[in-house]
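Visitor: fold the stuff below for me.
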Amino acid sequence: MTHSDTQKFTFERTIGQETQRILNQVFDALNDKGYNPYTQLIGYILSGDPTYITGHNGARAAIAKLERDELLEELLRDYLGRSLPDSTPTGNA
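Guide: Just a heads-up that it's a prediction; the model follows:
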């Protein structure tokens, strides 16, 4: 390959395990503080307001590491139990 050739970079998505670890951490922290983890996480995903997530055990800082759309995509993938096609925009609206 010469310096004028274009290399193709392939990105492997490894968000799954890290997302699962963070969700478990946040779920446990919310539960420890007496909150309903499901409703609190739904509130966070819908609004983006981090105050839905407790700061207990670093939960709020951990959830902030994830993009909400990626979090929602990962939850949907897990719920459906299958891989979805990449969410790369195609220009079709």
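
Visitor: going by C-alpha atoms from here, please, whenever you check contacts or count neighbours.
Guide: Will do.

Visitor: in the longest helix seen in the chain, what's buried?
Guide: In the chain, with assignment by DSSP state H, the single longest helix is helix 15-32. By neighbour count on 16 or more other C-alpha atoms under 10 Å, the buried set for helix 15-32 is 19, 22, 23, 25, 26, 27, 28, 29, 30.

Visitor: can I get those residues in JSON lines including pLDDT and distance to residue 36?
Guide: Compiled in JSON lines, those are given as follows (pLDDT from 0 to 100; distance: C-alpha to C-alpha, whole Å):
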{"residue": "19", "pLDDT": "88", "distance to residue 36": "19"}
{"residue": "22", "pLDDT": "94", "distance to residue 36": "17"}
{"residue": "23", "pLDDT": "93", "distance to residue 36": "14"}
{"residue": "25", "pLDDT": "97", "distance to residue 36": "14"}
{"residue": "26", "pLDDT": "97", "distance to residue 36": "11"}
{"residue": "27", "pLDDT": "97", "distance to residue 36": "9"}
{"residue": "28", "pLDDT": "98", "distance to residue 36": "10"}
{"residue": "29", "pLDDT": "98", "distance to residue 36": "10"}
{"residue": "30", "pLDDT": "98", "distance to residue 36": "7"}
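
Visitor: who are the packing partners of the longest helix of the chain?
Guide: Packing partners of helix 15-32 (3 or more C-alpha pairs under 8 Å, 6 or more residues apart in numbering; DSSP states H and E): helix 37-47, helix 59-63, helix 68-80.

Visitor: so what touches that helix?
Guide: Helix 15-32 has contacts (C-alpha atoms under 8 Å, 6 or more residues apart in numbering) with 36-38, 40, 53-54, 56-57, 59-60, 62-63, 66, 71, 74.
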